Structures are given as structure tokens and as C-alpha cells.
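Peer 1: build me a model from this:
(one chain, ligands or ions: 1)
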Amino acid sequence: MAAEESCAPAAQKTVLVGVTGCIAAYKSCEIVRLLQKAGVRVKVVMTEHATEFVGPTTFRALTHETVAVGLFDDPSDPIHHVSLAQEADVFLIAPCTANVIAKIANGLADDLLTTTALACTSPLVIAPAMNVNMYENPATRYNIGKLHIRGARIVEAGDGYLACGDVGRGRLAEPADIVAAVLEELGVSRDLAGRRVLVTAGPTVEPIDPVRYISNHSSGKTGYAIARAAARRGADVTLVSGPTALATPEGVRTVHVKTARDMLAAAEEAYPAADVAVFSAAVADMRPKEAAARKLKKGAPGTDLGTIELVENPDILATLGAAKRVGQVVVGFAAETENVVANARKKLATKHADLIVGNVVGEGRAFGTDDNEVWLVSADDVEEFPLMSKERLADEILDRAVQFFG
Ligand code: PMT
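Peer 2: Residues are numbered from 1 along each chain as shown. Prediction:
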């Protein structure tokens, strides 16, 4: 099987992560990765003291974005704090020291991070981390209370051994809990947390000889959007993708395949553990019976370029749909040039799917576009959706799929 695993960044909402001078600053790296895994674009702003614990280069490498520290570091942007504040859909400060909590609570703005906090009108999430006595000091409690009253979301520190040797409250909350709070502020649903999702996407490519092949016009946009949406909603996602020009989604286990038989093998591996399986790939229904080892030449003895013997490919959805276990949700597609709903109904039954996404293909529709118009067909319902982005469609499909969990 021609398969490999890879990842690349995806971007949607922007979270500005503020890192302050605390031993827990290294945990900000994990927070950044988790946010990216949820499909969020991350920018980082640091205090000078934070750079004593983790270098800006680390965050630059993780985020592929510039990392701001000083108020006047960027000569092209003299009001950097305002532009950073405006870019943020949520401003998360993690870890946040007692000093920075005190400054923000009292409106002090003497560096880039605190100035940005003052200029930011988006939700503020604060995850404190410090020594237990500092954390329990009435001054700190009062400052945290002030921020809470002003609408900031506080992800309180946990109990345990602290870096200073003391035991008590002051440890930075778990990165996953901090990220969950941020995603809640962003309004991102996590209804697929703890679930496994398998998605097939893109075309398959069936070789005729080393240079020619049978394939179709699928770009993979639909399947990739579904994989990204499932990951953002908390699922552990395996994307089995035919050849596409798309970047592999962040935080999604991506298996690259070429032929229908490769795709079946990769899907068979992930399918038993999947809670939801979405078969959006445009699998070539047939392949040349034998792929020639050398380029077929016009006029070569024994070569008839006018005839290629074809055989039927396995039907991945029908094969795996027939093996569906209780509790598994199977979503298939129907790409039709006519009678979409009737054909989708037939495929629902013959391929053992719970839901079929019917769409019209040809004449510039569905294949390669950014939008699509579909019918969602289940055993007892048909829903017609107007033209919408494939990103939004992905969420609509997943919304219906989770309903099968009851
Ligand atoms: O990738 P994009 O450019 O975004 O385009 C999106 C799309 C048009 C590819 C997508 O919306 C779509 O319709 N995907 C299914 C394409 C297709 O092969 O449809 P079908 O009606 O031929 O097949 C029905 C179902 O059986 C599909 O779920 C398909 O994945 C599956 N199938 C088909 C043949 C086969 N040998 N194995 C399969 O698993």
C-alpha cells in the first residue's frame, strides 16, 4: 500500500496566546499544539521574563507566525498592541503570573502583553500559575476576583507539587482543560470528543501504464473539510486520501493512497475502531485489468491502444457498510447527474449506510468547487440544503451523524 502519515497547519479563528515568566511556560507549547489540532490559528505574545523560560523561536516554529515580545519590536507596525488585539478572537494568557494578573486587573500596561490585554475587546481567558502562597495571597485572590467580575474567564490552577518544592494550589491547569475553556469561548462544539472518525476523500488513480491512468475530478475539498471539522469537534480522525493538491489537515492522521484497492486496505484498518465513517471519496469504479510495466507505444507489436481491458474495483462503502457494527454510523455520498434523491435512496439501502449525501455532478458542479448543494437522505428523511461552503456542509453532515448516537 502506498501510504504515509503527515500533518500541516489549518487556520480559522485566531487565538492570541500570551506567555508570561513562569516555569510552566513550557506547557504553553502543548497548549499551542492542542489549539492548532482543534483547527485554530495561533499567535503568541510573550513578556521579556517569559523568554527566560522558552525562546520565541520555539513558538515561531510551532505557529509559523511572528512572535511578539517588545512594544516596538516591529518597525512596520508602531501600534502592534492594537493590531494584535484586533486579530484575536480570544486572548488566552497561560501561564499567567501574579504580577501580570495584578497589572491587568488594575489596568496597567507597561509592556506589549499587558498593553495588548488592555486594548483587546475579545474574551480574555486567564490560566494562573505560581507558588501556593502567592496564589492564596489575598492580593492575588482580590485581583483574580476583579478580573472575573469584569468578564475574564479564569481557569483556576490545580493542586500538586510546585516547582519551588511547596505542595498546594498553583500548578497551571491541564493544557486540555485550558484549551477546552478557550474553545468554549470561541463557540466551538466538542461533541465528537472521545469519538473516532474515518473519512475517505479525493479521487483514486488507477494506472494504465507508468504515465497514464484512470481517475476523476475530485479535489478532496469535501472530505478534507469533513476531516477538519471532525478534528475541531474533538474527534480522533483518520483521513484516507487519494492524490490531491491539498495540505493535510493539522491534527488529523492522514494516510495517502493512490488506487481503490489501497484505499480499501487503509479504510479497512481504521474502520473497526471508527464511531463514524464518512465515505466522500470519488472511487474509480473500474481499473485496467493489468497495468502495463512500460509506456504503451503507438504501433508497437502486440499493442492495441484502442482497447483497455477493465475490471471492476471493490466498492469500499458497500464492503465496509455490510460489516457495520452496532453503534457505528456510516455516511456515504451519491454523485449523480440525475434523479439524485431516488439514487441516494437506493445507495442508502444497497451500501448499508445510515445517511447518504446526494449531489449533482458535471457541468462544473460539486467536483473541485468551494460550495455545494446537497440532499441528505436517511431512512425516514430527506433534507435539501441550498448552495453552501463545503466547510459549513461538513458541519451539517456531522451534526446529522451525531444524532444517530441518540
Ligand atoms: O472532492 P471534491 O472536489 O470536493 O468533490 C466532492 C465530491 C463530488 C467527490 C463528493 O461530493 C461526492 O459526491 N463524493 C462521492 C463520489 C462518488 O464516487 O459517488 P458514487 O455515487 O459513485 O458512489 C457512492 C458512494 O460509494 C460514495 O460514498 C463513494 O465513496 C462510494 N464508493 C463508490 C465506488 C467504489 N468503488 N467504492 C466506494 O466506496
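
Peer 1: could you tell me how many residues sit around the residue lying closest to residue 140 once chain neighbours are set aside?
Peer 2: Nearest in space to residue 140, with sequence neighbours left out and distances taken as C-beta to C-beta, 6 or more residues apart in numbering, is residue 98 at 5.0 Å. Placement of C-beta: from N, CA and C, glycine included. Other residues lying near residue 98 total 21 when counted by other C-beta atoms under 10 Å.

Peer 1: least confident secondary structure element in this protein?
Peer 2: Across the helices and strands of the chain, mean confidence by mean pLDDT, DSSP states H and E is lowest for strand 158-161: a mean of 83.

Peer 1: who does that one pair up with?
Peer 2: strand 167-171 (antiparallel) (DSSP bridges).

Peer 1: roughly how far is whichever helix or strand comes after the partner strand from the heart of the chain?
Peer 2: Reading on from strand 167-171 to the C-terminus, the next helix or strand found by DSSP states H and E is helix 175-186. Mean-position distance between helix 175-186 and its chain equals 15 Å (C-alpha atoms, centre = their mean, to the nearest Å).

Peer 1: what's helix 175-186 in contact with?
Peer 2: Identification of contacts with helix 175-186 by C-beta atoms under 8 Å, 6 or more residues apart in numbering yields 13, 15, 27, 30-31, 34-35, 38, 40, 89-90, 92, 94, 123, 125, 127, 153, 155, 172, 190.

Peer 1: out of these, which sit inside strands?
Peer 2: Secondary structure assignment (DSSP state E) places 15, 90, 92, 94, 125, 127, 153 from the contacts of helix 175-186 within strands.

Peer 1: residue contacts, the closest residue to the fourth one other than its chain neighbours?
Peer 2: If the residues on either side of it in the chain are set aside, residue 94 comes closest to residue 127, at 3.7 Å by C-beta to C-beta, 6+ apart. With contact taken as C-beta under 8 Å, 6+ apart, residue 127 is in contact with 92-96, 154-155, 157, 172-173, 178.

Peer 1: helix/strand/coil for whichever residue of the stretch 51-200 of the chain sits closest to the ligand?
Peer 2: Taking C-beta to the nearest ligand atom, the ligand has its nearest neighbour within the stretch 51-200 of the chain at residue 200, 6.0 Å off. Three-state call for residue 200 (DSSP: H, G, I helix; E, B strand; the rest coil): strand.

Peer 1: residue 134 versus that one, what's the distance?
Peer 2: Computed as C-beta to C-beta, to the nearest Å, the residue 200 to residue 134 distance reads 53 Å.

Peer 1: these two: which is more packed in?
Peer 2: Between residue 200 and residue 134, counting by other C-beta under 10 Å, residue 200 is the more crowded of the two (33 against 19).

Peer 1: which intervals of the chain have sub-threshold pLDDT?
Peer 2: Residue ranges of the chain with pLDDT under 70: 1-11, 78.

Peer 1: and this protein, which residues reach the ligand?
Peer 2: Taking C-beta under 6 Å from any ligand atom, the part of the chain that reaches the ligand is made up of 202, 218-222, 260, 279-283, 285, 313, 315-317, 332-335, 347, 351, 359, 361, 366-368, 390.

Peer 1: make a ChimeraX selection of the buried ones in those residues.
Peer 2: Those of the residues of the chain next to the ligand that count as buried under 16 or more other C-beta atoms under 10 Å are selected in ChimeraX with:
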select :202,218,219,220,221,222,260,279,280,281,282,283,313,315,316,317,332,333,334,335,347,351,359,361,366,367,390
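
Peer 1: just the residues of the chain next to the ligand: which are in strands?
Peer 2: 279, 332-335, 359.

Peer 1: measure how buried residue 319 is and give me the count.
Peer 2: Residue 319: 15 neighbours (other C-beta under 10 Å).

Peer 1: my read: it touches residue 264, true?
Peer 2: Yes - with contacts counted by C-beta atoms under 8 Å, residue 319 reaches residue 264, the gap being 6.7 Å.

Peer 1: list just the nearest of the ones in strands among the contacts of helix 175-186 to residue 328.
Peer 2: Nearest to residue 328 among the ones in strands among the contacts of helix 175-186: residue 15, at 33.5 Å, using C-beta to C-beta.

Peer 1: how about that closest one, what does it touch?
Peer 2: With contacts taken as C-beta under 8 Å, 6+ apart, residue 15 has the following neighbours: 35, 40-43, 88-92, 182, 186.

Peer 1: what about 10 Å?
Peer 2: For residue 15, the contacting residues are 31-32, 35-36, 38, 40-44, 87-92, 122, 125, 179, 182-183, 185-186, taking C-beta atoms under 10 Å, 6 or more residues apart in numbering as the criterion.

Peer 1: kindly report the same for residue 349.
Peer 2: With contacts taken as C-beta under 10 Å, 6+ apart, residue 349 has the following neighbours: 356, 379.

Peer 1: distance check, it against residue 363.
Peer 2: Counting by C-beta to C-beta - residue 349 and residue 363 are separated by 28 Å.

Peer 1: same deal with residue 278?
Peer 2: Distance of residue 278 to residue 363, computed by C-beta to C-beta: 25 Å.
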